[in-house]
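Colleague: predicted structure and sequence below. I'll ask about it afterward.
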Amino acid sequence: MVHKVVYDYYSVDAGILMRMKDMLPHDVFQPAWDEISRLALEGKWKIFDVVASEVHGDFIQKWLADNSSAVVKFNPTINSYINKLMQELQKRNMTLVDPESLKNNGDPFVIMLALYLEGRDPDNLLVKNNKTCCVLTREELKSNKVNIPSVCEIFHIPHMTLHEFMKHHGWEINLTVHNP
């Protein structure tokens, strides 16, 4: 029997909510949104406020407001995590943010939130403890590109796409069609 990993938290990238909005419109796939709301209510589905601000659309903004416990606000401890993360990346000559672009500026915050939720020591982010946070992102690991999955690999943070998340949680979509 295969043992399924149970994560304490999910740190969600903006692209996941945008993909859900497009792939699983709430008026047709309400149970999917109800499940995400349940995870948010349990304190497992988290998105950093800077990342949440990248998500556009009335439905998503309303969902975030209705599920405000999912949004993690900036605090002084988080500041130390983001500073240490950026220092660690700089030591490795890795750039996760393109200063010339407004796109993907939330990426470091997705990873930082995972480190924060796991309760890692800000002075040594590489050391794991007993909490686990999985990063949800649209991005996939590429050997020649610095992106969310490649940075997650350095810090031994699990990561998955929306499709992988749905499979991991055993989602099945049943379709009922009511013809006119």
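Modeller: Okay, I see it.

Colleague: tell me where this protein has strands.
Modeller: 9-12, 45-48, 71-72, 133-136, 159-160 (DSSP state E).

Colleague: could you export these to CSV, including columns for distance to residue 121 and mean pLDDT?
Modeller: For glycine as for every other residue, the C-beta is placed from the backbone atoms N, C-alpha and C. CSV is the format used below for the strands of the chain (distance: least, Cβ to Cβ, whole Å; pLDDT from 0 to 100):
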stretch, distance to residue 121, mean pLDDT
strand 9-12, 17, 98
strand 45-48, 20, 97
strand 71-72, 19, 97
strand 133-136, 15, 98
strand 159-160, 21, 96
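
Colleague: winner for burial among those strands?
Modeller: strand 9-12 (a mean of 27; mean count of other Cβ atoms under 10 Å).

Colleague: just checking: what are the partner strands of that one?
Modeller: strand 45-48 (parallel), strand 133-136 (parallel) (DSSP bridges).

Colleague: chain center to the first one, what's the gap?
Modeller: Read it as strand 45-48. Distance, stretch centre to chain centre, for strand 45-48: 6 Å (Cα atoms, centre = their mean, to the nearest Å).

Colleague: roughly how far does residue 120 sit from residue 32?
Modeller: 31 Å (Cβ to Cβ, to the nearest Å).

Colleague: which of those two has more neighbours?
Modeller: The neighbour comparison of residue 120 against residue 32 (other Cβ atoms under 10 Å) goes to residue 120, with 21 against 17.

Colleague: need phi/psi at that one.
Modeller: phi -70, psi 150 (degrees, to the nearest 10).

Colleague: bridging residues for the residue positioned nearest the centre of the chain?
Modeller: In the chain, the centroid-proximal residue (Cα atoms, centre = their mean) is residue 12; its distance is 1.7 Å. Going by DSSP bridges, residue 12 is paired in beta bridges with residue 136.

Colleague: circling back to that earlier point, would CSV of the strands paired with strand 9-12 with distance to residue 157 be doable?
Modeller: Shown next, in CSV, are the strands paired with strand 9-12 (distance: least, Cβ to Cβ, whole Å):
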stretch, distance to residue 157
strand 45-48, 13
strand 133-136, 6
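
Colleague: between the ones you listed, which gets nearest to residue 91?
Modeller: Closest of the strands paired with strand 9-12 to residue 91 is strand 133-136, at 20.9 Å (criterion: Cβ to Cβ).

Colleague: got the CA positions of that closest one in PDB?
Modeller: The C-alpha coordinates for strand 133-136 follow below in PDB (Å, rounded to 0.1, in the frame of the first residue of the first chain):
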ATOM      1  CA  CYS A 133       4.200  22.900   3.400                       C
ATOM      2  CA  CYS A 134       3.700  22.100  -0.300                       C
ATOM      3  CA  VAL A 135       4.000  24.900  -2.800                       C
ATOM      4  CA  LEU A 136       1.200  25.000  -5.400                       C
END
